[in-house]
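J.: how would this look folded up:
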Amino acid sequence: MGFAATGVLVAAADTYVVVVALPAIMGGLGLGIQDLQRATPIVSGYLLGYVAVLPLLGRLSDVAGRRPVLVGCLAAFATGSVVTATAHSLGLVVAGRAIAGLGGGGMVPVTLALVADAWPIERRGLPLGIVGAVQELGSVLGPLYGAAIVA
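T.: Residues are numbered from 1 along each chain as shown. I've put the predicted structure just below:
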């Protein structure tokens with residue numbers, strides 16, 4: 001569970017890290033504050049990918065197996081992160097964020113399914129609570145990490 005929970009933490013943190021770093025990212029792309037509306041897809045692209053796969057990848061992991069789907073989600077997240085980090089245009093940044101969002105969003109239901117598979121029903125509450133807490137911890141650490149990067 002530790003490996004999967006770590007993925008959930010990173011994916012949740014990545015949801016929010018960009019919000020704080022957005023002005024710096026915009027500057028790197030040559031966009032000024034007057035171009036904020038053009039840069040909002042950097043945030044919403046990730047969130048759209050994240051939300052789109054939540055209901056789908058849990059079911060896919062029922063069919064294809066939990067670990068292969070989780071590894072695929074981690075690979076998509078890493079690929080999207082690399083595309084984002086190396087992008088020199090707004091379009092590539094948005095595409096990278098969307099790919100990372102697809103991977104990040106897929107980690108949540110697959111991790112929850114792994115927990116459900118590993119623990120009997122009467123002992124599932126604590127590990128499911130830990131996964132939920134880790135996801136929310138990412139929501140808190142994301143902006144702090146983004147601020148640290150910008151500083």
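J.: Could you pull up the residues touching the closest residue to Leu31 other than its chain neighbours?
T.: Leaving out its chain neighbours, the residue that sits closest to Leu31 by CB to CB, 6 or more residues apart in numbering is Ala39, at 5.7 Å. Quick note: C-beta positions are derived from backbone N, CA and C, even for glycine. Ala39 sits next to Leu22, Ile25, Met26, Leu29, Leu31, Leu90 when contact means CB atoms under 8 Å, 6 or more residues apart in numbering.
J.: Chain neighbours aside, what residue packs nearest to Thr79?
T.: Using CB to CB, 6+ apart and skipping the chain neighbours, the partner closest in space to Thr79 is Ile99 (5.8 Å).
J.: What of Tyr145?
T.: Counting by CB to CB, 6+ apart, the residue nearest Tyr145 is Val17, at 5.2 Å.
J.: Give the burial count for that neighbour, as a bare number.
T.: Neighbourhood size, Val17 [other CB atoms under 10 Å]: 23.
J.: Need the per-residue pLDDT for it.
T.: The per-residue pLDDT reported for Val17 equals 83.
J.: Once you drop chain neighbours, what's closest to Pro23?
T.: Counting by CB to CB, 6+ apart, Pro23 lies nearest to Ile33, which is 7.1 Å off, once chain neighbours are set aside.
J.: Could you measure from the one you found over to Tyr145?
T.: In this structure, Ile33 and Tyr145 are 23 Å apart, going by CB to CB, to the nearest Å.
J.: again with Gly28
T.: Gly28 is 17 Å from Tyr145, by CB to CB.
J.: same question, Asp62
T.: Using CB to CB, one gets 33 Å for the distance from Asp62 to Tyr145.
J.: Name the residue in those two with the higher neighbour count.
T.: Applying other CB under 10 Å to Asp62 and Tyr145 shows that Tyr145 carries more neighbours, namely 18 against 13.
J.: Helix, strand, or coil at that one?
T.: Classification of Tyr145 by DSSP: H, G, I helix; E, B strand; the rest coil places it in helix.
J.: same question, Leu112
T.: helix.
J.: Contacts only, for it.
T.: Gly58, Leu128, Val131.
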